[in-house]
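A.B. asks: Here is the input, now give the coordinates:
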Amino acid sequence: MQLPSIGLGTMGIDDPDTIATALELGYDHLDTAQIYENEAVVGEGLARSDVPREDVLVATKVWADSLAPEDVHRTTEESLERLGLDRVDLLYVHRPIETYDPERTLPAFDELSDEGTIGGVGVSNFSVPELETAQDVLEEPIAAHQVEYHPLFQPKDLLAHAREHGYPLVAYSPLANGRAGEIDAVVAVAESHETTPEAVCLAWLAAKDGVVTIPKSSSREHLEANLEALELDLESDELERIDAIERTEELFPE
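C.D. replies: Predicted coordinates for the structure are as follows:
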């Protein structure tokens, strides 16, 4: 699945106008989830926008308490109703915990794909062994893997797996949940370019082959700034300096 370099993470967004503004500015990938409890907000924002539905990739996720086969089907229909859509382009297993059973859960996702209800099967927060099991069970190829990825948490094994198997890695929380300005290497690079640490985080991720990112923003100013960050070209030594950060902080562990 070809995903835009930058999309909009919507966790915590409760105003449809934010979604509509993002689409107006050029965002064409909206990422939500059942547990965010804002699929209706995303759907309303999409409806308010003049951007054609076919020009926007919409993704949502089935939460861990609804991964039994019958619940996958039921909650996906409920998601579609809240979004005001007849299909989503990408449906993720949000986390492989609780009711997740690869032998039972994943065939339900395949069925939704066969029906045309979803465009692709995604996974989120999987380990490499869990990815390998999913690949063995799924009829469809993994369309995307969404994981926490920022300078303080760099799951390089997951990136290597994504590259080896040809699917995109979708980086959530790319700005380290507001901590970008606390990371010395990132701040130093930002100062050399007269830009923000947040822009450096996004440019660093965008420079990685096979990685796309979905920062969350609520204001027009930040939405614009995140798009502009893609125009920032970092030198190879700057990228390597951030790659070499040894401090590890997973912000959203299981």
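A.B. asks: so the spatially most central residue of the chain, which of the three states?
C.D. replies: Closest residue to the average C-alpha location of the chain: Val170 at 4.4 Å, with CA atoms, centre = their mean. Secondary structure, DSSP: H, G, I helix; E, B strand; the rest coil: Val170 is strand.
A.B. asks: So what does the nearest residue to it once chain neighbours are set aside look like in phi/psi?
C.D. replies: In this structure, Val170 finds its nearest non-sequential neighbour in Gln146, 4.0 Å apart by CB to CB, 6 or more residues apart in numbering. From N, CA and C alone the C-beta is placed, and that goes for glycine too. Per-residue torsions, Gln146: phi -100, psi 130 (degrees, to the nearest 10).
A.B. asks: Quick one, grab the pLDDT at Gln146.
C.D. replies: Per-residue confidence at Gln146 stands at 98 (pLDDT).
A.B. asks: Touching, it and Phe126? I think so.
C.D. replies: No. Using CB atoms under 8 Å, Gln146 is not in contact with Phe126; the gap is 9.2 Å.
A.B. asks: For these two, indicate the residue with more neighbours.
C.D. replies: Neighbours around Gln146 and Phe126, counted as other CB atoms under 10 Å, are more numerous at Gln146. The numbers are 26 against 23.
A.B. asks: so what's that one bridging to?
C.D. replies: Ser124, Val170 (DSSP bridges).
A.B. asks: Leaving out sequence neighbours, find the closest residue to Asp157.
C.D. replies: Asp157's closest residue in space is Val128 (CB to CB, 6+ apart), at 5.6 Å.
A.B. asks: same check, this time on Phe153
C.D. replies: Glu250 (5.0 Å).
A.B. asks: Low-confidence stretches in the stretch 101-250 of the chain?
C.D. replies: The model of the stretch 101-250 of the chain has no residue with pLDDT under 70.
A.B. asks: Going by residue numbers, what spans are helices in it?
C.D. replies: 102-115, 128-137, 156-165, 184-193, 197-206, 220-229, 236-243 (DSSP state H, counting those that start in this stretch).
A.B. asks: Could you single out the most deeply buried of those?
C.D. replies: Among those, ranked by average contacts under mean count of other CB atoms under 10 Å, first place goes to helix 197-206 (a mean of 25).
A.B. asks: I am finished for the moment; much appreciated.
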